[in-house]
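[1] can't give you the sequence, but here's the structure:
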């Protein structure tokens, strides 16, 4: 997509890409392709699909060629799955390596499944190691092997060594191409070195200074290099404090570290402290978003929750959760069963009991959502656990008190039965306080046990609020002798 | 925190900061202050608090001084609110402008409330415009005015013009300090210009090339500048395609745009296309995380959901939601009331009915979570709305069928009543399919109406799944003549 002049372009991933296209697309304010939210307009998408259906590949290419690779990826995602291969074929080399690396995982797997290993290898060779790994890591073992064999030895070695690190670790995320220089260099020597080695990496924002054992000892922002005289030593310019990323660190922690220390790039080191790669912020931005967004899916048991996931995969993930929910509902049901006699004598109780359980469940969800978010953002530690619980109990008492009074008065008036009103008010208060306690302490307990609080908590909190709601209401009604 | 040599450090926000501190803290692998998740260890926090309580300010400062400003901010957040002012006072200038800008909003407001306007102005003057604005924007009108009056005219003008833009807009987020050069410059001239103007901005990663009217016409990554000979013209080096950010764009859209196009920095332009500022990725990273994480809080009605929010604020937000939930529960309750006669004749129905509603509610939440996430990440447009609904209906049919069979067989066996089993199975199927339809179409409808699907959907979907669950189960039981 670059329009930078040919002769001086130091690095260019894909020499066949549509670099000479007119300047348009996502960058044009009078844009016929994007809506105000930067999404592709439906009219544009259907124009492309129609062109492809009618065999007008050239027309489709003309429409698509001004788009940024991220937008071409969007276009393929918006294309119905049975037409994707046709659209990709019609667009030809517009669907390049960069587009593939921007694609939703499911859509990419779909498309790549239709390609020969040699073609996949060609794409992989054009990309940074981390993007190439992202494309290859989800393939079947034998297909992966075929792609690796089609790669040239150097690329193959880089990708294989990345694949040797655990999934979702810094080792998979990092790129091996980076600029590392010895500390005795001056700014002038550094600039000369960079000018002489234009093809050393793709994009870089910082330079790493290393000792003889290739251990990072400092970092230089490029802006510092550019604003300093040539005779200054790199070791005087660099910042010695660095946030180093261990190569086996989980990507979620990497993302939190980038966020916390506002990093643009960071050195990745192996067990002996040697510099083995670099992670740049553009590689973690989508992880930050994914990790922050996935809790909502996990809490409801929707798994990956991607609209491109195959229906059967979504079914498998979700039905497991619903069947578990069925079991927990049985607990609540059993509790109601204990009070069949009471209900028989006063059917109004059956009418009212879902209110207590329902509102309690909602109060539990609120507290649970707050706690899960605070845990995910590292806001809760042992230092403030007690304080957080106390805080949530205060909110729960205020909430419980308010809802209890409103509901109690309402029921007293509607049923002309102040005793029933008092019973439901007390049950509501008990249940909202229980819900608050469960909503904050269950996720905290799971976190302490190193289990994902978002996945495991919801089942327990729901079971507790459902059961307690029925138990408190029907139990109090029986104890109060409401039904004689 | 920088250890870069004094004489060549081109920019240094806070000359009084603890730059000469030993290299330790977050960057040390044998770390006594951080746990494996990069959070401050409880032992370390209490050591600092004890030192402060015992009046040993010097000891507290010694403990804290090796920390990164982001960690000092964490320390203050982990400190109980009634001790925060004391801790901040004891730490003195260790709590600098950078620490303030890293602090949680509630904690910061708390601390700043105790400061004189002159002190706040001093902090603001040390920061980039965007960080200064973040500190000042939440203050009361009159306090804000006092701080602005204490600023020097230049800083004041910059902050006032930022405050003139709407909250959460690009104008608030951008910094005014940036490097913009005319296109006729050569790389050599650019480097000389940068060396002569070391104090022009804090951190920058790209250079903007502008025309005579100060409209951006291209962007140069610093790495391109550094890898090119001095005689190359900047206009040959720059990338003409740029993602420009309109100054009034909402920060959520800014964040999505940075994510989509993997931007490091972007030019902000006013209505006439003139370059007025720059946004860098470190300023949007926390917005990406916030925006992705807030849907889980909104869906449950927990508002901001921050554990530092004052209890009364949390109460107000949440109780409003619980009272709304009470109203929707009344709808479900009314439906049960219609079948009082049926329940009286067969109390087992009262025992079983929460199962149908509960599991249906869960199925609705799953679909809703998936849809809300897909909408938030711009994955759904008019191009694939129908397809998304069809997909969710397929999953719902599979889920409904499976749960219905399991529940139907179970109930038939336990109650020795195949008719009851058939009734509950049918009700379950109906409710899960209804839940799926509501879970996907309600958020889509709200989005179409330009309402936040995360906030508004949950009430409706819950009401639908609750009511439908009871209606289908009790209605079918009545219709089937189960109770004679």
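    Cool, the structure landed. Nothing here was measured: the structure is a model prediction, and the numbers come from that model.
[2] I figured residue A:68 hits residue B:257, correct?
    No. Between residue A:68 and residue B:257 there is no contact under Cβ atoms under 8 Å: 10.8 Å. Heads up, the C-betas are built off the backbone N, CA and C, glycines and all.
[3] low pLDDT regions in chain A?
    For chain A, the stretches with pLDDT under 70 are A:1-30, A:198-202, A:484.
[4] Spatially central residue for it, please.
    Centroid check for chain A by Cα atoms, centre = their mean gives residue A:290 as the closest residue, at 1.0 Å.
[5] host element of that residue?
    Secondary structure from DSSP states H and E places residue A:290 in helix A:281-299.
[6] In that helix, which residues are buried?
    Neighbour-count burial for helix A:281-299, counted by 16 or more other Cβ atoms under 10 Å in any protein chain shown, picks out A:281-299.
[7] Give me the helices and strands touching it, please.
    On a contact count with 3 or more Cβ pairs under 8 Å, 6 or more residues apart in numbering or on different chains; DSSP states H and E, helix A:281-299 meets helix A:170-173, helix A:251-260, helix A:348-376, helix A:453-479, helix B:251-260, helix B:281-299, helix B:348-376.
[8] and that helix with helix A:453-479, angle?
    Counting by axes from the mean of the first three to the mean of the last three Cα atoms, to 10 degrees, helix A:281-299 lies at 20 degrees to helix A:453-479.
[9] Might you calculate how far helix A:281-299 sits from the centre of the chain?
    Relative to its chain's centre, helix A:281-299 lies at 2 Å (Cα atoms, centre = their mean, to the nearest Å).
[10] Stretch A:471-482 too?
    The answer for stretch A:471-482 is 46 Å, by Cα atoms, centre = their mean.
[11] can you tell me how far residue A:264 sits from chain B?
    Counting by Cβ to the nearest Cβ, to the nearest Å, the gap from residue A:264 to chain B is 7 Å.
[12] Contact partners for that residue?
    Residue A:264 is in contact with A:205-206, A:221, A:280-281, B:205, B:264, B:281-282, counting by Cβ atoms under 8 Å, 6 or more residues apart in numbering or on different chains.
[13] Was I right to think residue A:359 contacts residue B:329?
    Yes. Using Cβ under 8 Å, residue A:359 is in contact with residue B:329, at 6.1 Å.
[14] Between the two, which has more neighbouring residues?
    Using other Cβ atoms under 10 Å in any protein chain shown, the more surrounded residue of residue A:359 and residue B:329 is residue A:359, with 29 against 24.
[15] got TSV for the helices and strands packed on helix A:281-299, with distance to residue A:417 too?
    Listed next are the helices and strands packed on helix A:281-299 as TSV, based on distance: least, Cβ to Cβ, whole Å:
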stretch	distance to residue A:417
helix A:170-173	63
helix A:251-260	53
helix A:348-376	8
helix A:453-479	11
helix B:251-260	50
helix B:281-299	35
helix B:348-376	19
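[16] so which of the ones you listed comes closest to residue B:338?
    Nearest to residue B:338, of all these, is helix A:348-376, at 9.4 Å by Cβ to Cβ.
[17] tilt between that closest one and helix B:348-376?
    30 degrees.
[18] Helix A:348-376 to helix A:251-260, inter-axis angle?
    Angle, helix A:348-376 to helix A:251-260, by the same axes, to 10 degrees: 70 degrees.
[19] so how far is the following helix or strand past helix A:348-376 from its chain's centroid?
    Counting by DSSP H and E, the next helix or strand C-terminal to helix A:348-376 is helix A:385-415. Taking Cα atoms, centre = their mean, one finds helix A:385-415 lying 35 Å from the centre of the chain it belongs to.
[20] same deal with stretch A:470-484?
    Worked out by Cα atoms, centre = their mean, stretch A:470-484 lies 46 Å from the chain centre.
[21] Please list the residues outside that stretch that contact it.
    Contacts to stretch A:470-484, defined as Cβ under 8 Å, 6+ apart, come from residues A:332, A:335-336, A:338-339, A:342-343, A:345-346, A:349, A:352-353, A:356-357, A:419-420, A:422-424, A:426-427, A:430-431, A:434, B:354.
[22] Repeat the analysis, applying 6 Å as the threshold.
    Applying Cβ atoms under 6 Å, 6 or more residues apart in numbering or on different chains, the contact partners of stretch A:470-484 are A:332, A:335-336, A:339, A:342, A:345-346, A:349, A:353, A:356-357, A:419, A:423, A:426-427, A:430-431.
[23] Now it: buried residues?
    A:470-478, A:482.
[24] which residues of the stretch 101-250 of chain A fall in strands?
    A:180-182, A:206-210, A:216-221, A:245-246 (DSSP state E, counting those that start in this stretch).
[25] Redo those strands as TSV? Include distance to chain B and mean neighbour count.
    Converted to TSV, those look like this (distance: least, Cβ to the nearest Cβ, whole Å; neighbours: other Cβ atoms under 10 Å in any protein chain shown):
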stretch	distance to chain B	mean neighbour count
strand A:180-182	12	15
strand A:206-210	9	23
strand A:216-221	6	22
strand A:245-246	8	21
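[26] In the stretch 101-250 of chain A, what residue spans correspond to helices?
    With DSSP state H, counting those that start in this stretch as the criterion, the stretch 101-250 of chain A has helices at A:105-113, A:117-126, A:129-136, A:141-150, A:153-163, A:170-173, A:187-196, A:222-226, A:234-237.
[27] ok and the longest one relative to helix A:117-126, angle-wise?
    Spelled out, it's helix A:153-163. Using the same axes, to 10 degrees: helix A:153-163 against helix A:117-126 is 80 degrees.
[28] Spell out which residues of the stretch 101-250 of chain A are next to chain B.
    By Cβ under 6 Å from any Cβ of the partner chain, the part of the stretch 101-250 of chain A that sits against chain B consists of A:194-195, A:198, A:204-205, A:222-223, A:226-228, A:232, A:236-237, A:239-242.
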